[in-house]
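# build me a structure from this.
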Amino acid sequence: MKPKKKTLSDLGGIMYSTDPSFVYEEEIDDSNESIPKNQQDLRVMLDRKNRGGKAVTLVTGFRESTDELEKLAKMLKTKCGVGGASKDGEIIIQGDFRDKVLFLLQKEGYKVKKSGG
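Below you'll find the predicted structure:
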């Protein structure tokens, strides 16, 4: 997944060109290469902000393809027996399942830490 661009300098400086032969050259991002599971530093935390007081388990720090992220999210949702989503490189599991998610990710071979309170 490409990181979001926050400032004009992140966009490369060219916004618009009136030259009809102008071709913008984008930088090629090689960060989508697969990184071994044991080298990924994942964080598991409980989040209640902007969710109407409902708690969710949030897993962040993925550096894999979106397909792998979707597969892992589906496995975690199935094992916990709850709903959730995967977007923006994060997995959201409904409810407080930090310990169970931590155990399941370690069992899969990921390097995982519990984050937050």
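# phi, psi of S115?
Dihedral pair for S115: phi -120, psi 150, per degrees, to the nearest 10.
# what about it, neighbour count?
Close neighbours of S115, defined as other C-beta atoms under 10 Å, add up to 15. Using the backbone N, CA and C atoms, a C-beta is placed for each residue, glycine as well.
# which residues does it contact?
Applying C-beta atoms under 8 Å, 6 or more residues apart in numbering, we find S115 in contact with R43, V44, M45.
# among these, which ones are in strands?
R43, V44, M45 (DSSP state E).
# any chance of those in TSV, plus distance to E108 and neighbour count?
Below are the ones in strands among the contacts of S115 laid out as TSV (distance: C-beta to C-beta, whole Å; neighbours: other C-beta atoms under 10 Å):
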residue	distance to E108	neighbour count
R43	15	14
V44	13	26
M45	18	15
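# how confident was the prediction at the nearest residue to A85 once chain neighbours are set aside?
Excluding the flanking residues, the one nearest A85 by C-beta to C-beta, 6 or more residues apart in numbering is I92, at 4.9 Å. With respect to pLDDT, I92 scores 94.
# confirm I92 sits in a strand?
Yes - per DSSP: H, G, I helix; E, B strand; the rest coil, I92 lies within a strand segment.
# so which residues of this protein form helices?
Using DSSP state H, the helices of the chain run over residues 66-80, 98-108.
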